[in-house]
Structure formats: C-alpha cells, structure tokens
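# Okay, sequence plus prediction incoming.
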Amino acid sequence: MHILLVEDEKKVASFIQRGLEAEHYTIDVAYDGETGLTQVFDGDYDLLILDVMLPKRDGLSVLQEVRRHKLNLPVLLLTARDTVADKVAGLDRGADDYLTKPFAFEELLARVRALLRRGAPMPAPVLTLTNLHLDLVTRQVTRAGKRIDLTAKEFALLEFFLRHPGRVLSRTLIAQHVWGVDFDTFTNVIDVYVNYLRKKIDTDFEPKLLHTVRGAGYVLKVPEI
C-alpha cells in the first residue's frame, strides 16, 4: 500500500514514516501543503495522512481541494487541536478519520488499517501469474508448488509486478512505489534487486516471466508463444 504523509514537523514525520515502513507500507513525505497537494495529484496513493497546521497551504484547504478531484482517497487528519468544533470542521471538509496529537503509534496504525480496508476494494489474498503465487496474508511465494524465500524488499517488488502484469514498469515508477523515492541514482539498486528476484522466480522454472525492456524498464508477463 502506498501512503502519502503531509506533515511539517520533521521529527513527527520521521517517526511515522519509520513506523509504517516497518509494517511494509510505502511512504512518501511532503512538508508543506502545496507540495503535498501536488504529490496527491501526481501520485497513485491508497491513503493520505494530512496534518492540519501546514506552511504554504493549510491541511483543511488541501483536503477541500483533494475532495473536489479524488473523492475516494481515504484521508486521516492529524492535529493538535482537540475541540469538538475542530473535529467537526475536519470531518465536514471530507476527512474520513481524525487523530489528535500526541498519539500512540499503535492507534495510528489501527486507524491506517481501518481506512485502507474501507477504501478501495480489498486486493485478492493471493496474486497469481501462471504458476507463480504470492500470498498477501501468509507472505509466502511459490512457483510450480515450490516455496521461494524472498527478502522483504524482494517481496514488495514482486507484489508490485504482480499487481501490474503485462505492464512495462519504469525504474522511476518502481522507485516511487517500492522504495518510496524518486531520483535517478537509485536505478542501479533497482537493477540489482530485479536481478535478485529474477534468479529466484525464473532460474529453475519455465516459462521465464520477468523481462527487461531495453530503455523502458521491466515487465512481468507470460511470453507469447
């Protein structure tokens, strides 16, 4: 799941980002309202965590603009304001939930899980392409009945490919969704991890599924005969 966090307090942002990444979410961070709004419209997010008090553009203004264009994006508001009037204002602008600072990370995590369940339709528990299977619940991967052990990052990479079978995925897109970053110097690391993954899911199996598209990126697909 891909989450955008808009929070100007960098210590708070870092705390939330590290905690959610430990739970295998991909997190992008913006530190002001204008940047956050731009990222909402440029990215493909499953959840927006939005602070109310932000520089350049306040959170309620961002929320109002988001709701004009992306009606189904779940939004969790964060704020130090805890009056009933403040909560009502946020919910009336279109927030799905409201969390008051300071908060326990366990509560934030529970609210994130609830909002993701409430948002887009839940993904199938098993992603499949021919005889390759990835179980999202048990986090087991098998091919032709043989278990394949993957690292956390390899698992996330394979999940991203399996959610977009047949689509050529650029290095930039992979970096954004699997690593949560967007800069060209990261592409060598992506190439390395794709090669790691290819060796594990393709070396001893047929047909080969993970292919390089020169100058464009990578694609997971069953080759045409």
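Everything's here; your move. Numbering: from 1, shown residues only.

# so what's the backbone phi/psi at Gly94?
Here is the backbone geometry of Gly94 (degrees, to the nearest 10): phi 120, psi 10.

# okay, now it: neighbour count?
Counted with other CB atoms under 10 Å, the neighbours of Gly94 add up to 18. C-beta coordinates here come from the backbone N, C-alpha and C atoms, glycine included.

# hang on, His177 packs against Tyr25?
No. Contact criterion CB atoms under 8 Å: His177 and Tyr25 do not qualify, at 11.2 Å.

# which residues do those two both contact?
His2 (CB atoms under 8 Å, 6 or more residues apart in numbering).

# Which residues are in contact with the nearest residue in space to Lys208 that is not next to it in sequence?
Nearest residue to Lys208 in three dimensions, chain neighbours excluded: Asp202, at 4.8 Å (CB to CB, 6 or more residues apart in numbering). For Asp202, the contacting residues are 208-210, by CB under 8 Å, 6+ apart.

# now do His177
Applying CB under 8 Å, 6+ apart, the residues near His177 are 2, 26, 44, 160.

# part of a helix, is it?
Yes. Under DSSP: H, G, I helix; E, B strand; the rest coil, His177 falls within a helix.

# Next, work out how far apart it and Ile190 are.
As for His177, its distance to Ile190 is 11 Å (criterion: CB to CB, to the nearest Å).

# before we move on, what about Ala80?
If you measure Ala80 against Ile190 using CB to CB, the figure is 39 Å.

# What of Leu37?
Counting by CB to CB, the gap from Leu37 to Ile190 is 28 Å.

# And stretch 65-75, what's buried?
65-66, 73-75 (16 or more other CB atoms under 10 Å).

# sorry, back to before: so between Ala80 and Ile190, which is more surrounded?
Ile190 (20 against 12).

# Check which helix or strand that one maps to.
Using DSSP states H and E, Ile190 sits in helix 187-202.

# Can you tell me the closest non-neighbouring residue to Gly59?
Spatial nearest neighbour of Gly59, chain neighbours left out: Val52 (4.0 Å); criterion: CB to CB, 6+ apart.

# ok, now how distant is the one you found from Ala30?
Here the criterion is CB to CB. By it, Val52 lies 14 Å from Ala30.

# ok so Val219 is a strand residue?
Yes. Counting by three-state DSSP, Val219 falls inside a strand.

# switch to numbering from 47
New numbering, starting at 47: the last item is Val265.

# low pLDDT regions in this protein?
Residue ranges of the chain with pLDDT under 70: 116-117, 128-129, 132, 165-170, 227-233, 271.
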